[in-house]
Structure formats: structure tokens, C-alpha cells
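J.: okay, predicted coordinates and the sequence, questions at the end:
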Amino acid sequence: MNTQKRNKGFSLIELIVAMAIIAILSAAAITVYTGSILKARRTEAYSNLSALRMFQEQFFAENTNYAPTLASFPGFTPGPSTEYIYAIAGIGIALPAGPVPVPYTGITAAQTNCFVITAVGIANSTVAGDVFAIDCNNRKNFQ
């Protein structure tokens, strides 16, 4: 009887195949994770813009004009993400048109006693290049 001791362990090919499968699954997971983070940060910006619009309407109800700066809203805190810069673009200004994707297509005349609030993605962040806006008439370039 010839009994050979059987080698236990993995061959090099088996290890390479396992590593390739792990790499493919990791790449897919990172892509999904990055997309989820981007969606969450954008949703936070949408929520903050809607909240700022409501603050403006409250300010208008109390003062019969809109606030010129965000400093007028001490209760506004953007949240944990610091990926966007929020600003009141102006009061009684011409609504922006051109390459920036804002919701004012075809409207270029200045509106008296109206505001435009913007959220601009910070450069070198995951949301760089994002520009979202909302105005006194609740026109916006997001859902």
C-alpha cells in the first residue's frame, strides 16, 4: 500500500483567483458607497436651501422685506457636511442665466423684493461644481 501524504493549503492560482474576486467586489462597493455619499450631501443641500427659503419668508412676514445676508438667521445651522457654501445671491437682482445650471430659464428681468439663495459645492470636494438655487417664488433647480 502506497499512501502519500496529501498537501494541505491553496495553490497560487487559487489565491490569485480569490484576490481577483475580492478586488472586483471592492471596486463595486466603493462605487456604490461614493454614489451614496454624493446623494446624501446633495440631499442635505436641498434641505438647507428649503429651510433658508422658509427663514426668508418668516423674516419677510416680520420685517416686510427679505434679509440681505445669512447673518440674519442665527438659527440656521447647515449640518454636519461642510461641502457647500450657502449665500443669498441678492435681493431685487436679475435672475441668473447662462452656463450655471440654475432654475431661471428664460427669466432675466430683475424682480423687486425677491431673493435668490445658492448652495455652491466647494472646490476639491466630492460636490465640486454643484450649484443649486432657490428663489422667492420657490423656483429651484433640484427636486
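T.: Here it is on my side, so go on.
J.: count of neighbours near residue 83?
T.: 22 (other Cβ atoms under 10 Å). (Glycine included, C-beta is placed from N, CA and C.)
J.: so who does it touch?
T.: 41, 45, 121, 122, 125, 126, 127 (Cβ atoms under 8 Å, 6 or more residues apart in numbering).
J.: distance of it from residue 41?
T.: Computed with Cβ to Cβ, to the nearest Å, the distance linking residue 83 and residue 41 is 5 Å.
J.: what residues do those two have in common as contacts?
T.: Common neighbours of residue 83 and residue 41 (Cβ under 8 Å, 6+ apart) are 126, 127.
J.: would you verify that residue 25 is located in a helix?
T.: Yes: Residue 25: assigned to a helix according to DSSP: H, G, I helix; E, B strand; the rest coil.
J.: contacting residues for residue 79?
T.: 44, 47, 48.
J.: just to revisit the earlier point, buried subset of the contacts of residue 83?
T.: Among the contacts of residue 83, those buried by neighbour count (16 or more other Cβ atoms under 10 Å) are 41, 45, 121, 127.
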